[in-house]
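# coordinates for the following, if possible.
(chains A, B, C, D, E and F)
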Protein chains: 4
Amino acid sequence: MGKNPNRKHAQILEAGTRVIAEHGYHQAKVSDIAKEAKVADGTIYLYFNNKEHILISIFEEKMQEFMQKLEIIMQKDVSVKEQLFDMAQLQLDFMESRPELATLAHFELLQTKGEIHDNMQRILFPFFQAVIDIVNRGKEEQVFSSSLSTEIGRICFVGILNEAITTWVMEKGSYSLAAQGPVLAEIVYQALQTEV
Amino acid sequence: MGKNPNRKHAQILEAGTRVIAEHGYHQAKVSDIAKEAKVADGTIYLYFNNKEHILISIFEEKMQEFMQKLEIIMQKDVSVKEQLFDMAQLQLDFMESRPELATLAHFELLQTKGEIHDNMQRILFPFFQAVIDIVNRGKEEQVFSSSLSTEIGRICFVGILNEAITTWVMEKGSYSLAAQGPVLAEIVYQALQTEV
Amino acid sequence: MGKNPNRKHAQILEAGTRVIAEHGYHQAKVSDIAKEAKVADGTIYLYFNNKEHILISIFEEKMQEFMQKLEIIMQKDVSVKEQLFDMAQLQLDFMESRPELATLAHFELLQTKGEIHDNMQRILFPFFQAVIDIVNRGKEEQVFSSSLSTEIGRICFVGILNEAITTWVMEKGSYSLAAQGPVLAEIVYQALQTEV
Amino acid sequence: MGKNPNRKHAQILEAGTRVIAEHGYHQAKVSDIAKEAKVADGTIYLYFNNKEHILISIFEEKMQEFMQKLEIIMQKDVSVKEQLFDMAQLQLDFMESRPELATLAHFELLQTKGEIHDNMQRILFPFFQAVIDIVNRGKEEQVFSSSLSTEIGRICFVGILNEAITTWVMEKGSYSLAAQGPVLAEIVYQALQTEV
DNA sequence: TATGAATGAGACTTCATTCAT
DNA sequence: GATGAATGAAGTCTCATTCAT
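This is a model prediction of the structure:
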């Protein structure tokens, strides 16, 4: 009665997310993850090559889920403004419902080299690309300033939302992150119109 | 030849900055820092209680230096716009001239608990306060939207500059960060006028 | 399709011989032997008590096969010289056709205590006895020196052939071992005539 | 008062020799060696890169000692017979005074691949070369048969002495190994005269 | 002050063995 | 009998910290 065949895989991933989010990657012991997942230490290694692989897998899986939702938004035939608002809202909603992920998401910033870094970059790439796409579309449709480089546009979008999420994490989710969506989106929308 | 009495203290701090910036805090070995500082392993512990304290001291010292420069700007009797531009420029200039610090600066994001986190928050607090002050002044002088909360204003400023710095670090400083100052400041300035 | 009832037993033994000969006993994983034998890990334990017993069983079985051939030679009514030549040739032929066994055969040297050692000694005993018998017969028939102890005689025979086999294993069987039979036997025959 | 600077190095090597000889390399735990050497586990790693390196170092050091004695014999201006007798006697004397080494010496036979094997081969090479030299000299001086290949000659010498040593180890040194020197040397001397 | 050899707790990972199916 | 997922004990190695000199 092993239930779902990869039930254990999911259990470990969930446990890993909780433990790493709480203690940080380096403080998180594999045996803690095992205990949290209610499996033996060795069982971890039936599903993951090593500790690093757990972290990367968590990130990859969550990001996949996020990207699926993002792609639906990206394919909608709506105005730039509406799309940008939807994107921002999605990001905040997603993080609010998975606060551990919000904590993990900043991990890559630290890893300026090594396998973890490379994988994080790889995994984040499609998201960055989506932001670049919406900025470019806005510039083409002349709702955004053509005097701003696309990269600077991406920095605005990502930076404002990231800082909002980080702040919320620091405050341990004591208020609604999602409720800030419209305001933050409006600010980004206005920022991208800056003529320089 | 001991020169200055706390010559060693400075040596260790500089060495620590380089080693931690290169490998990350957890990968940095105390013995590596000692070697880089050209002192014995044990000497480190004459100046610092433990490894954590090296990190905190680095951060504290650099931030002190930064805050001194920032205070000069804050006390100037100039327009809100000029002050905000000066603040942004200072931050970018400072980071470009100390790329290791830029790398370290994001460390606190990871530490959601523990002594490091608490100290980082304490050290960053005066800077955040300065940003809050300029936002408030702008709102009072009605150059910024009064419909934006001050905290959201702070998020805009900090988020956009942080992301610009992070991106520059990731690209290993392959372009001039300081040169982006005017554009980024202009964007922040515009963003803060958003009516919601 | 179970064919022979102890078909699996033989499969595992053959697989064990290959895997242990290739990697050595300690490096050989039970799961590798299972994979090579195309059975499940757990199946191994239906036929063998533990990993050690696989090794002992391999040795025992191969030695049994060898001893059957040796006994035929021992019962032939031929001269001491002919019998000694036949014995040497058999040993080399046998090893050349089972190079994995040659590798395993030296294992006992390592185990100066423990269950493996005791079993190896037990298994090798009949072979040593056969060598002792031929030496004794030679001494009785006065073709070998009576001034040599039988044990020293045994050491000559076993030592020379063993070293020849070991060398051949080290050279990864790049030449014919069996072809050295007549020369090596001649040397042993002469050595056993040494008066001291 | 650290006494000799590499006192610890020697302590660990001696402890390693004892522990590995008793339990075998794979059964010997690094922590056992540390305990036997009366140092902390971590101290081992100040002097050796890893467990393998301990084994190789033991072998290398003992072999160096042996080779120094052997070289003295090799340079004496004596007859082939006398030199061969001296070589055999040295080997037996050396092993009898270091029974642990005798146990270790056979280890290389097992390691048909890997770093240990390569190092053992490298370390044993000079000894094999010395045996080859004496065999060649005997052939040149026509005291040994010219119809025997040098390699076969080496096999005789090494094989007979090895088996004598192994047997003595198995019997746990219950008799004098060195006392067998003259007899064994005589046998080897005679064996090398075999015409084929 | 300064040194750096020594410590030893603790982490990750492996793998022989078990047992529910 | 057969399976193979799961177990968990055990071992190697690291590195922050100490302390005798």
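# so where do the helices sit in chain A?
A:7-23, A:30-37, A:41-47, A:51-75, A:80-97, A:99-105, A:115-140, A:150-170, A:181-191 (DSSP state H).
# what does the average pLDDT come to for the second one?
Mean pLDDT, computed over helix A:30-37, is 97.
# in chain A, which residue sits nearest DNA strand F?
A:G42 (1.6 Å; Cβ to the nearest atom of the strand). Quick note: C-beta positions are derived from backbone N, CA and C, even for glycine.
# before we move on, the earlier item: between the helices of chain A, which one is nearest to chain B?
helix A:150-170 (2.9 Å; Cβ to the nearest Cβ).
# between the helices of chain A, which gets the lowest average pLDDT?
The bottom spot among these, by mean pLDDT, belongs to helix A:99-105, with a mean of 79.
# sort out which residues of that helix are buried, please.
A:P99, A:E100, A:L101, A:A102, A:T103, A:L104, A:A105 (16 or more other Cβ atoms under 10 Å in any protein chain shown).
# what residues does chain A put near DNA strand E?
Residues of chain A lying close to DNA strand E (Cβ under 7 Å from any atom of the strand) are A:M1, A:A28, A:K29, A:V30, A:S31, A:D41, A:G42, A:I44, A:Y45, A:N50, A:K51, A:E52.
# can you tell me which residues contact A:V19?
A:A28, A:D32, A:I33, A:E36 (Cβ atoms under 8 Å, 6 or more residues apart in numbering or on different chains).
# returning to that earlier point: and of the buried residues of helix A:99-105, the nearest to chain D?
A:L104 (33.0 Å).
# show me the contacts for the closest one.
Contacts of A:L104 by Cβ under 8 Å, 6+ apart are A:T17, A:I20, A:A21, A:L55, A:I58, A:F59, A:K62.
# if we use 6 Å, what do you get?
A:A21 (Cβ atoms under 6 Å, 6 or more residues apart in numbering or on different chains).
# look up how far A:A37 lies from the most centrally placed residue in chain A.
In chain A, the centroid-proximal residue (Cα atoms, centre = their mean) is A:A105; its distance is 5.4 Å. Applying Cβ to Cβ, to the nearest Å, the value for A:A105 to A:A37 is 22 Å.
# do the same with A:W168
In this structure, A:W168 and A:A37 are 27 Å apart, going by Cβ to Cβ.
# again with A:Y47
Counting by Cβ to Cβ, the gap from A:Y47 to A:A37 is 10 Å.
# compare these two and say which is more crowded by neighbours.
A:A37 (22 against 18; other Cβ atoms under 10 Å in any protein chain shown).
# list the contacts for the more buried one?
A:Q11, A:I12, A:A15.
# give me the distance between it and A:T43.
8 Å.
# which one of the contacts of A:A37 is nearest to DNA strand E?
For the contacts of A:A37, the nearest to DNA strand E is A:I12 (12.4 Å; Cβ to the nearest atom of the strand).
# and the closest one, how many neighbours?
Neighbours around A:I12, by other Cβ under 10 Å: 25.
# contact partners for it?
A:A37, A:I44, A:Y47.
# save those residues as CSV, and put in distance to DNA strand F too.
Output for the contacts of A:I12, formatted as CSV (distance: Cβ to the nearest atom of the strand, whole Å):
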residue, distance to DNA strand F
A:A37, 8
A:I44, 8
A:Y47, 7
